[in-house]
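A.B. asks: requesting a structural model of the entry that follows:
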Amino acid sequence: IHSTLFVLVPPSLALFCPAGDLDFTGGQMVLTLKLISMAMCYQDANSRKPEELTNYQRAHVFGALPGLLEYLGFVFCFGNLLAGPVIEFRDYQMWVRKEGPWAPSARKVPWTGDFWAGVRAWGIAMASMVFYLSMEKVWNFKLLATSWYAAQPLLVKLVTMQVGGA
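C.D. replies: As a prediction, this is how the structure comes out:
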C-alpha cells in the first residue's frame with residue numbers, strides 16, 4: 001500500500017494544488033491524525049476490558065462521543081493546530097473542564113510563583129536576545145564565506161555554524 005500511495009499522492013498534489021494555489025493537504029493531514037487518535041481512544045474504551053489496557057490507554061480513554069463544539073474545540077486548539085495531536089482528546093477534555101491536574105484544587109504552586117517564574121523566563125529571553133544581537137555583528141553568515149572558516153577542522157566549523165545561527 002505504501003508504494004501505491006507514493007505513486008498516487010504526488011501527481012494528485014500537482015493536479016489539485018498548482019503553483020500559487022493554497023495547499024490544504026497539511027491541515028487535512030493534521031485533522032486526519034486527530035480523528036484517528038480520538039477513534040483509537042474511543043475504541044479502547046468501548047471494545048476492551050479495563051484490565052486489558054495499558055496505563056497510557058487507561059489514562060486516555062473516553063466512553064462518550066464528544067459534541068460538535070467540543071470536537072471543533074479540540075481540533076482548533078492552539079497546541080494541536082499545527083503539529084497534530086500533541087495532546088490526547090481526554091487531556092483536552094480535562095483541561096477544558098478543569099479536572100485532574102488542571103483542577104484548581106490540584107495546584108501546588110501559588111499564582112505568584114507562576115508569575116515570577118514567567119518574569120524570570122522573560123528576563124532570560126531578553127538577555128539572550130541582546131547577547132545574540134550583539135554577537136551577530138561578529139558571528140554572522142558572512143563568516144562562513146571567509147578563508148578562515150574554510151581552513152578550520154570540521155568540529156570548529158560545526159560550532160561556528162551553531163553560534164552563527166546557520
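
A.B. asks: please count neighbours and contacts with C-alpha atoms only from this point.
C.D. replies: Will do.

A.B. asks: ok, now which ones touch the residue lying closest to residue 65 once chain neighbours are set aside?
C.D. replies: Of all residues not flanking residue 65 in the chain, residue 42 sits nearest, at 7.6 Å (CA to CA, 6 or more residues apart in numbering). For residue 42, the contacting residues are 61, 62, 63, 64, 65, by CA atoms under 8 Å, 6 or more residues apart in numbering.

A.B. asks: redo that, cut-off 10 Å
C.D. replies: Residue 42 makes contact with 36, 60, 61, 62, 63, 64, 65, 89, 90, according to CA atoms under 10 Å, 6 or more residues apart in numbering.

A.B. asks: from residue 149, how far out is residue 89?
C.D. replies: The gap separating residue 89 from residue 149 is 50 Å, by CA to CA, to the nearest Å.

A.B. asks: so which strand or helix has the residue nearest to residue 65?
C.D. replies: Assigning secondary structure by DSSP states H and E places residue 42 in helix 25-47.

A.B. asks: which of the contacts of residue 42 sits closest to residue 132?
C.D. replies: Using CA to CA, residue 89 comes nearest to residue 132 of these, at 38.8 Å.

A.B. asks: that closest one - how many residues pack around it?
C.D. replies: 25 (other CA atoms under 10 Å).

A.B. asks: just the pLDDT for it.
C.D. replies: Per-residue pLDDT puts residue 89 at 89.

A.B. asks: about what we covered before: chain center to the helix holding residue 42: distance?
C.D. replies: Relative to its parent chain, helix 25-47 has a centroid offset of 16 Å by CA atoms, centre = their mean, to the nearest Å.

A.B. asks: now do the buried residues in it.
C.D. replies: By neighbour count on 16 or more other CA atoms under 10 Å, the buried set for helix 25-47 is 30, 31, 34, 37, 38, 39, 40, 41, 42, 44, 45.

A.B. asks: cool, stretch 58-76 as well?
C.D. replies: Within stretch 58-76, the residues that qualify as buried are 60, 61, 62, 71, 74, 75, counting by 16+ other CA under 10 Å.

A.B. asks: with just CA atoms, put it into PDB.
C.D. replies: Output of stretch 58-76 as PDB, limited to C-alpha atoms (Å, rounded to 0.1, in the frame of the first residue of the first chain):
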ATOM      1  CA  ARG A  58      -6.400   3.700  30.600                       C
ATOM      2  CA  ALA A  59      -5.500   7.400  31.100                       C
ATOM      3  CA  HIS A  60      -6.800   8.500  27.700                       C
ATOM      4  CA  VAL A  61      -9.900   6.500  27.100                       C
ATOM      5  CA  PHE A  62     -13.300   8.200  26.800                       C
ATOM      6  CA  GLY A  63     -16.600   6.500  26.600                       C
ATOM      7  CA  ALA A  64     -19.000   9.100  25.200                       C
ATOM      8  CA  LEU A  65     -18.500  10.800  21.800                       C
ATOM      9  CA  PRO A  66     -17.900  14.500  22.000                       C
ATOM     10  CA  GLY A  67     -20.400  17.000  20.700                       C
ATOM     11  CA  LEU A  68     -19.600  19.100  17.600                       C
ATOM     12  CA  LEU A  69     -18.400  22.100  19.600                       C
ATOM     13  CA  GLU A  70     -16.200  20.000  21.800                       C
ATOM     14  CA  TYR A  71     -14.700  18.300  18.800                       C
ATOM     15  CA  LEU A  72     -14.100  21.500  17.000                       C
ATOM     16  CA  GLY A  73     -12.500  23.000  20.100                       C
ATOM     17  CA  PHE A  74     -10.100  20.100  20.200                       C
ATOM     18  CA  VAL A  75      -9.300  20.300  16.500                       C
ATOM     19  CA  PHE A  76      -8.600  24.000  16.600                       C
END
